[in-house]
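Peer 1: what's the 3D shape of this:
(one chain, ligands or ions: 2)
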Amino acid sequence: MNKLEDYLVSIPDFPKPGVVFRDITSILQDKDGLQLAIKEILKLLADTDFDLVAAPESRGFLLGMPIAYQMKKGFIPVRKKGKLPRETIRAGFEMEYARTELEMHKDAVAPGQKVVIIDDLMATGNTLRVIADMVETLGGKVVKICCLLELPELEGRRQLKDYEIASVLSCDEA
Ligand SMILES: O=P(O)(O)OC[C@H]1O[C@H](OP(=O)(O)OP(=O)(O)O)[C@H](O)[C@@H]1O
Ligand SMILES: Nc1ncnc2[nH]cnc12
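Peer 2: Ligands and ions are numbered 1, 2, ... in the order given. Below is the predicted model:
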């Protein structure tokens, strides 16, 4: 079986010039790649006590949901603006290549609940920061952040110093 990094395809200048897009769909479309990706994230959580997984639309859903299901936890979808039907909290921010707004249902986390945040990739870290802030605004505790892939050159960890972060792979920008 290949290593996880052997399945990852990088596309220069997508979605805009200067960005190297790390395409996790090339991992997930392979049956062995998919197994590896989920198993590696499960390993990162082997010793973590938590109640809920929170993950952002859309690539975060692809990894967050199987983890929540496998570990028998609840799942909180963090969605792009205007998609969640009940009362939400919302935050707008810049990512590596776009501006976006994310929302979480106000009743998604009860005070004191322990939340793991899962995403495919940490670039600037702004997506993860906003989700951590939302969890805390609702009274939850972020016990761990897990990503399949991290781009250290964008220094996402600098603004996430208060959290335990684990990623399966790390990729230089070039
Ligand atoms: O660290 P950051 O700079 O915040 O970037 C990371 C985010 O960017 C991508 O999501 P995107 O908003 O492109 O949405 P998608 O998953 O729907 O493609 C990725 O899935 C992360 O959630
Ligand atoms: N370089 C990148 N590749 C894939 N997804 C991303 N999200 C933010 N930056 C990204």
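Peer 1: near ligand 1, which residues of the protein are found?
Peer 2: Residues of the chain lying close to ligand 1 by CB under 6 Å from any ligand atom are 56-60, 95-96, 100, 119-127, 156. (Each C-beta comes from the backbone N, C-alpha and C, glycine too.)
Peer 1: ok, of those residues, which come out buried?
Peer 2: The neighbour count (16 or more other CB atoms under 10 Å) marks 56, 59-60, 96, 100, 119-127, 156 as buried among these.
Peer 1: near ligand 2 too, which of the residues you listed?
Peer 2: Applying CB under 6 Å from any ligand atom to those, those adjacent to ligand 2 are 96, 121, 123.
Peer 1: the residues you listed into JSON lines, with extra columns for distance to residue 7?
Peer 2: Formatted as JSON lines, those follow (distance: CB to CB, whole Å):
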{"residue": "96", "distance to residue 7": "22"}
{"residue": "121", "distance to residue 7": "14"}
{"residue": "123", "distance to residue 7": "19"}
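Peer 1: poorly predicted segments of this structure, please.
Peer 2: Low-confidence segments of the chain (pLDDT under 70): 1, 173-174.
Peer 1: all the helices of it, residue numbers only.
Peer 2: Along the chain, counting by DSSP state H, helices occupy 4-7, 25-28, 31-44, 59-70, 126-137.
Peer 1: ranking these by burial, who's on top?
Peer 2: helix 126-137 (a mean of 21; mean count of other CB atoms under 10 Å).
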